[in-house]
Every structure is written in C-alpha cells, then in structure tokens.
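1. any chance you can model this:
(chains A and B)
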Amino acid sequence: MSKTPDSESRMEKIVSLAKRRGFIFQSSEIYGGIGGFWDYGPLGAELKRNLRDTWWRTMTRDREDVVGLDATIIMHPSIWKASGHVDTFADLMRECTITNKRVRADHVEPQSGSVMRFSGAKAPNNWRVDREITLLMKQGEHIESFRKRVRQLLVQNAGSAAGKPEEIELLNEERIDAVTDSIEFHPETGGLLNEARPFNLMLKTYIGPTATEDDIAYLRPETAQAIFAQFKNVCDSSRVKVPFGIAQIGKAFRNEVTPKNFTFRSREFEQMELEFFIKPDEAVQLIHGSVATWSEGADLSVPQPNWGWELWHRYWYAERIAYYAGIGLGQESLGEIWQTKADLAHYARACVDILFKFPFGTEELEGIAARGSFDLTQHQTHSGKQLEYFDEELKAACDQLTPEQKVAFIQKAHSERFNPDTTIEETTAFCEKLFKGLYIPHVIEPSAGLDRLALAILSSSFEEEVVTDEKGKSETRTVLHFHPRIAPIKVGIFPLLKNKPELVAKAREIVALLRPHMAVFYDETGAIGRRYRRQDEAGTPFGVTIDFDTLGEEKPEFKETVTLRERDSMQQRRIPIAELLPFLLGKIL
RNA sequence: GCGGGUAUAGCUUAGUGGUAAAGUUCCUGCCUUCCAAGCAGGCCAUGAGGGUUCGAUUCCCUCUACCCGCUCCA
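-> Next up is the predicted model:
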C-alpha cells in the first residue's frame, strides 16, 4: 500500500480532530509526551467503551457457549516461560552498525576476510555519513563488488535521502586487518556489530520493595495466556462443556521497537481476545464417526457437533466479519490475509488476519488463529497440573469400541497426524487418553485490538463534506459518520434560543427524559447551525431542537413535537416528543 | 536503533537578535425561528534544558515528542 500526500494529510486531519474534539491525546503531554502511549479524552473514552461493550455483548452475553474472565496484568513469571515469550523476547541481540539489522548474539556465524574501513561517505545531493564505516570484505569477494555492496547497504539504510547507490562516494578506504573466524560481523551484511545487549519486548517490573533480580515480573504482552492459565478453574466452576469459549478484554504491553502510525502501534494497548476450546478432530471422529470439513460455500450459520477445527476456524472468521459490519465497518473497508503454511508459527494450523484500510496502509485489525492444543499443553508441562478435559460423550462412544477397532483407529490417526514429527508412541498415548474420554482441547483464537478498532472507526467515519447552501455558498462540513450504536453521544438537545426560559425548560425536560437511556448532550450556545455542526464533528447521529411550535404557539398541531435532525443526511422532520425515546432506542441498540 | 523532516494560542498558520501577528475555536452579553449568521467584549502560545549575547521565540548544542523512509513486528 503506497502512501500518497492525500492519505498523509487525511491522517493528519484525523489526528488533529482527535485532539481538538477530545478523542485522543498524547500521554503526559504537558511533560513533553512519552513515546508510544496515548490517552483517550472524553469522547474517545465513550467511543472506546461502546466498542468494548459491543464486543463483549456479541462475544459473551449474546451466546450460550462463551463465558468471561478478567485477569490481572501481572502474573506469575513462569506463565511467560511456558508461553515462550521469555525465550523469544529476552535474547541478547547485536546490531549491524551499517544497516541496524539485528542478529541474536549466539547466532553469529564465524567469518573470515579483510576488515575494511571508510571514514565516511557522501553523495552529490549533500547527503553524507560522518561516522566510520567498518565492514568485513569476505574471503574471495572482489574489491569492486565489495564497494558496490557497501554503497547499496548505505542506500538501503538511508532510504531516499542518499540518492542512487552508484553516485555515493566512499571516503578514505583502508584495509586495517585480516581476521579468521571472527564473530564481530553481521552474517548477512558483513557490517561491524555493536556490543551485545538484551532485547526484550516485554515490559518488566519488580514485585515487592526490594526490587532484586529475583523479583522480576512482566506486564502481560497479551491477555490470552491468562485464559489458558485459568482454564481449569473456569471448567471446574462454570459447568461449561467443550466446545466453549473464554473471553477477556484488557490492557497488554509491548516494548515496540518503533511505535508509529498514531495509536496503531502503541506500547500500552487493549486487547479483546476469545479462546474458543474445541474437541480435537480425532475426538469428533470417535463420537460422530466422521469429521465435517470446510468447503467453499459451507453453511457456517449454526455450529454443528461434528465440525472439525477448520469449520470452527471459518465459523469464527465469519462471526467476526459480521461483527464489524454491525458497527459500520463493511467488507469494502476490510481486507484479509490467509497465512500460508510457511508463515505460520510451528504450533499453528491456520491463521487469518482481518485487515483495515487505514490511511497509512492496510494493516491488521484482528488475527484469528487455529492454535491446536499448544498453549494448554505448554502450561500443563510447565505447571505440572493436569489440564486435560474429561468428555463424557467421548468416553461413552469409546466404550463401545472393540480392541481391534481401537488399534485400527490408532493406525489411522497416526497416518493422518498433523505434525509429521509425531512418533507412533505419541499417537498411541494420545489415543489411549481419548479412549478414556480425556484430551487437551484445541483452540481457535480471535484476537482483536481495541485501540486499533477505535482508530479504524475514526478513519472510516471521518469525512470532509462540501455542502452548498441555498445562496450557493459552499463550505466544508467535517463529520464523523459513527454508527449510532458506537457513537459517543447519541443525541444533541438544543433549545432554539437560550434567552427564552420556556424553550430552555422544555429542552431540559427532554434531556431528563432521554439521559437515563443514552448519552445525551445539551447545548444552548451560539446559532443553531453551529450547534449542529459541532455535533457532526463529534459524530453525534441525531439532533433534537425545541422551538416555539413545541410549546404550541401559532400552530397548535405542532404542540409537543420537536425537530429531529439526522447527521448524515442533514434531513429534518417533526416528531412527537412521545415517540422520541422509542425511535432513538431502536437506532442505538 | 539509523537517516530525513517538524515543534509559535485548543486548531490552522504568520513573523522577528529588542513589546509575538492573524484567522478560527472557545467563553460572556445582545438578538422570536433551523445548518459554522451579525454586533460588542474576553481568555489562551514560542516543546524541555543548556550555551553565545546587554538582550534569544529567532543563532549554536543536548534532550523529548510527532511525521516520513529504513528496521522491527512471538
């Protein structure tokens, strides 16, 4: 996705509006701000809460098969050991001093060759590098191809600023040393590496006042692990039966290398995650005699007992797309990427990303992964606690099997195993557990970013509309086309004139009528047109104006009616006050 | 983390080595009729720290944040 000046300025306008109207502020702004952290102002807080509520309602309350969880941000450090986050994120890393490419300190392959140094480099367009550039000319590399390579590396790193590689002049070349099996140079670029330093994307803290190395804990980099860690407690306390899900919304923290694109990549952010636990396909096979698999056009509307993991994965994808449509993000604003087998993490079976066309590019809004039984298995191993699920239906089905049928089943299961490294012993052990009704559930994980969703909603809602009045004068109307369901303010209430106590009193009555049911905003200042436009910028879908007709002056037939103004069309119509509440409730629920 | 750019009022911009300018927003008042109307009044700013200088918003250095490009992205 290429950036255009238009998309850049559109983003700038959105950022500016977000601040001006109190959606999103820079965190700690009066102290100069802090990178990668953002606050939500009054309207932003309402918007985010509405989004959070729609997710929670759709994913848990509206369903019989999902329950909620609200776990702590700081958990036992072993959780992150089991999940793999400590190992993946805590490596010592070294960086190439030319290109800043990183490499794990213990993964640097020994290389031999000549150590070459330049005092700097410059280009005709006045771009220059004033620091020393040191690289390894690999054994057998021709000096000219080496120089060409160095120029390319410099351009690669500097981007457009450096101009064309062939125009770069390398300054004061000297050969300073010959080395054998050195681990001081980047394996790909040959650039000198800097000192090794720890590189951890998890935010650390200390528990207890002594703050020693033994007290280290982590702020969760994802909310999902708490769900796995509490899986057994939820099972034991909630009378849930596989297939079922556990949903959670909460803050997560990552030390992003480069926070960017406004709130899109932040260091503190909010996730909305569901772990939906399903029977392994082998269990479905034993119970139902077959496993339903996905094919184009399959009916995904109602889950079926014989669904295998793939149908469940497709089902959740369809559910999530429907959710987005319900809050105003139609398919035209979304994209999708189905990860190929090669891109998948080793434990994942499939993963689809739901993308949104942001002004700065098409980026991920949500990922829906089929993760097999990896996470629960890891926690079972590391905690030493049984996390197997006892499935009565499965046990009953297996009790009907003859020993010969069981042997045949094991052979079939092994020939169809997902991971080719699985040994026959492992398959046998797995099947023997199944015959007793025991398994570790597999999981489908729809994981969405709340802040990203809020940004997507702002981006898709934002419009600068040119409107022309009766006199032929045109001007720009800035409007946020929020779906009424998620709009921070549902209705603005305006007395036509504020210096007429009768109008103000009547308007206050309507405020009192509606406030118990929705977010309302009362505004009596300035011209009525200005008040409408103010609410357009805040994304308020409806405006109600109280005038002298409301009081029954002149036209008795209009008594107890008000003007209802619709944000997107700017249409106005007369509506009886008695119909106001039912009408608005119908729009926002 | 590297390179480039930016930082003046809530917002958009102007300007200067010697009292910082405007539009807009916002607030107050006047106005009996529906899309940023009019009139009158009012509030608010040089990102932080250091240096040069009689004097710095302006020149220099450092820091911070944001934007763009690389890089990173379990």
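
2. can you pull the contacts of the closest residue to residue A:292 other than its chain neighbours?
-> Of all residues not flanking residue A:292 in the chain, residue A:306 sits nearest, at 4.7 Å (Cβ to Cβ, 6 or more residues apart in numbering). In short, each C-beta sits where N, CA and C put it, glycine included. Each residue near residue A:306 by Cβ atoms under 8 Å, 6 or more residues apart in numbering is listed here: A:284, A:288, A:290, A:291, A:292.

3. same check, this time on residue A:107
-> Contacts of residue A:107 (Cβ under 8 Å, 6+ apart): residue A:187.

4. report pLDDT for it.
-> At residue A:107, the predicted lDDT confidence score is 73.

5. cool, and residue A:158?
-> 66.

6. so which of the contacts of residue A:306 wins on neighbours?
-> Neighbour counts for those (other Cβ atoms under 10 Å) peak at residue A:284, which has 22 neighbours.

7. picking that back up, among the contacts of residue A:306, which are located in strands?
-> Using DSSP state E, no member of the contacts of residue A:306 falls within strands.

8. using a markdown table, please lay out the residues you listed together with pLDDT and distance to residue A:485.
-> Shown next, in a markdown table, are the contacts of residue A:306 (pLDDT from 0 to 100; distance: Cβ to Cβ, whole Å):
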| residue | pLDDT | distance to residue A:485 |
| --- | --- | --- |
| A:284 | 96 | 36 |
| A:288 | 95 | 39 |
| A:290 | 93 | 41 |
| A:291 | 95 | 38 |
| A:292 | 95 | 34 |
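
9. how about those in JSON lines, adding distance to RNA strand B?
-> Formatted as JSON lines, the contacts of residue A:306 follow (distance: Cβ to the nearest atom of the strand, whole Å):
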{"residue": "A:284", "distance to RNA strand B": "27"}
{"residue": "A:288", "distance to RNA strand B": "33"}
{"residue": "A:290", "distance to RNA strand B": "33"}
{"residue": "A:291", "distance to RNA strand B": "27"}
{"residue": "A:292", "distance to RNA strand B": "29"}
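
10. what residues does the stretch 251-400 of chain A put near RNA strand B?
-> A:254, A:256, A:257, A:258, A:259, A:260, A:261, A:262, A:265, A:345, A:360 (Cβ under 7 Å from any atom of the strand).

11. I figured residue A:387 hits residue A:231, correct?
-> Yes. If you go by Cβ atoms under 8 Å, residue A:387 and residue A:231 touch, sitting 6.0 Å apart.

12. more neighbours, the two?
-> Neighbours per residue (other Cβ under 10 Å) separate residue A:387 from residue A:231, with residue A:231 holding more: 24 against 20.

13. so which bits of the helix or strand hosting residue A:154 are buried?
-> Using DSSP states H and E, residue A:154 falls within helix A:143-158. For helix A:143-158, burial by neighbour count (16 or more other Cβ atoms under 10 Å) applies to A:146, A:147, A:149, A:150, A:151, A:153, A:154, A:155, A:157, A:158.

14. between residue A:387 and residue A:231, which contacts overlap?
-> Common neighbours of residue A:387 and residue A:231 (Cβ under 8 Å, 6+ apart) are A:376, A:379.

15. taking the centroid of chain A, which residue is nearest it?
-> When Cα atoms, centre = their mean is applied to chain A, the residue found nearest the centroid is residue A:449 (2.7 Å).

16. bridged to that residue, which residues?
-> residue A:271 (DSSP bridges).

17. now do whichever helix in chain A runs longest: distance to the chain's middle.
-> When chain A is parsed with DSSP state H, its longest helix is helix A:309-326. Counting by Cα atoms, centre = their mean, to the nearest Å, helix A:309-326 is centred 16 Å from the centre of its parent chain.

18. give me the contacts around the helix or strand following that helix.
-> Downstream of helix A:309-326, the next assigned helix or strand under DSSP H and E is strand A:334-338. By Cβ under 8 Å, 6+ apart, the surrounding residues in contact with strand A:334-338 are A:321, A:324, A:350, A:351, A:352, A:353, A:354, A:355, A:356, A:357, A:362, A:365.

19. which strands or helices does the helix or strand following strand A:334-338 pack on?
-> Downstream of strand A:334-338, the first helix or strand assigned by DSSP H and E is strand A:350-358. Counting contacts by 3 or more Cβ pairs under 8 Å, 6 or more residues apart in numbering; DSSP states H and E, strand A:350-358 packs against helix A:309-326, strand A:334-338, strand A:361-372, helix A:450-461.

20. in the longest one, what's buried?
-> By neighbour count with 16+ other Cβ under 10 Å, helix A:309-326 contains the buried residues A:309-317, A:319-321, A:323-324.

21. also stretch A:419-432?
-> Those would be A:427, A:428, A:430, A:431, for stretch A:419-432 by 16+ other Cβ under 10 Å.
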